[in-house]
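> Fold the following and give me the result.
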Amino acid sequence: MIDFHSHILPGIDDGSEDVDTSLKMLSASFAGGVDTVLLTPHCHPRSQEHIDRFLENRDNAFKTLSSAIKGQELPKIVPASEIRIYADFHKYKRLDELCISGTNYILLEMPYEVWRDYAFEEIYQLTRLGFKPIMAHLDRFLDQEKHFREIYSLQALVQMNTSAFLETATRKKMAKFFEQGHIHVLGSDTHDLTERKPDMAEAYDVISKKFGKEYIDYINYAGSNILQNKDVSPSNFPKMNLMKKLLMICQTKCNIF
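Numbering: from 1, shown residues only. This is a model prediction of the structure:
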């Protein structure tokens with residue numbers, strides 16, 4: 001089980017405050033069956049200086065946490081980042097260091113205001129530079145769902161938060177995205193041990209029971225390929241059989257999800 005979105009690195013953003021909290025978060029993840037955690041602290045690349053400072057802080061925090069986990073039975077940790085999209089940020093240097101370590105995959109967060117053309121232009125420009133965008137937690141932008149098709153047209157992959165499967169209202173939406181092949185990897189987006197705790201196991205359980213093990217298999221396939229810097233093929237996305245599709249429609253309309 002791979003957690004593609006977390007704020008476990010200590011003292012770098014609004015996530016874990018210290019190493020002890022980070023270790024407890026990793027322990028909770030491991031207990032839930034997670035074997036790999038991507039560390040994706042917030043990055044706001046408004047200038048080259050912002051990027052340089054972020055990378056220095058992230059790498060120092062990663063070294064500190066890596067040292068602390070030696071000898072402990074905890075998930076493998078992979079440095080990465082969650083990058084808020086700003087106009088023209090594709091022109092800055094060191095963008096490759098913001099990617100998921102060892103890959104060309106880059107986790108991008110859309111702006112929280114109304115999406116404008118510059119955001120889609122940035123995604124496009126990144127693909128031209130050889131990067132492979134993964135869009136962070138699109139479940140948090142359902143009010144802008146009408147623009148999702150523009151993201152899909154740019155061949156970006158999609159990461160959804162596990163909380164979207166644990167809340168009834170958004171779970172119904174996730175059923176539609178799964179059916180359309182627009183969910184590729186999951187992330188807990190964990191920030192702490194209480195309100196935003198690691199919950200990958202709970203989400204996997206819901207997906208397996210409500211949607212089917214084939215979706216778990218696909219998420220694992222996609223995650224493994226990304227970490228190996230391989231392409232993720234939508235053709236491998238599971239096709240929902242007719243009976244399961246009818247059952248899901250019935251559950252949704254009858255509000256029994």
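
> Show me what the closest residue in space to R196 that isn't next to it in sequence is bridged to.
Here the nearest residue to R196 in space, its sequence neighbours aside, is T190; by Cβ to Cβ, 6 or more residues apart in numbering that works out to 5.5 Å. Backbone N, C-alpha and C define where each C-beta goes, glycine included. In this structure, T190 has beta-bridge partners S6, where bridges are defined by DSSP bridges.

> I figured T190 was touching S163, is that so?
No: T190 sits out of contact with S163 when judged by Cβ atoms under 8 Å, with a separation of 9.8 Å.

> got a list of what D117 touches?
Going by Cβ atoms under 8 Å, 6 or more residues apart in numbering, D117 touches no other residue.

> any idea how far it lies from K146?
Distance of D117 to K146, computed by Cβ to Cβ, to the nearest Å: 14 Å.

> same thing with Y92?
Relative to K146, Y92 is positioned 30 Å away (criterion: Cβ to Cβ).

> Of these two, which one has the most company?
Neighbour comparison, Y92 and K146: the larger count goes to Y92, with 17 against 8 (by other Cβ atoms under 10 Å).

> for the stretch 151-257 of the chain, which spans come out with low pLDDT?
Along the stretch 151-257 of the chain, the model assigns pLDDT under 70 to residues 234-236, 239-257.

> need the strands for it, in chain order.
Counting by DSSP state E, counting those that start in this stretch, residue ranges of the strands within the stretch 151-257 of the chain are 157-161, 185-187.

> Dump the ones you listed into JSON lines; add mean neighbour count as well.
Shown next, in JSON lines, are those (neighbours: other Cβ atoms under 10 Å):
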{"stretch": "strand 157-161", "mean neighbour count": "25"}
{"stretch": "strand 185-187", "mean neighbour count": "26"}
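
> Having no further points to raise, I will conclude here.
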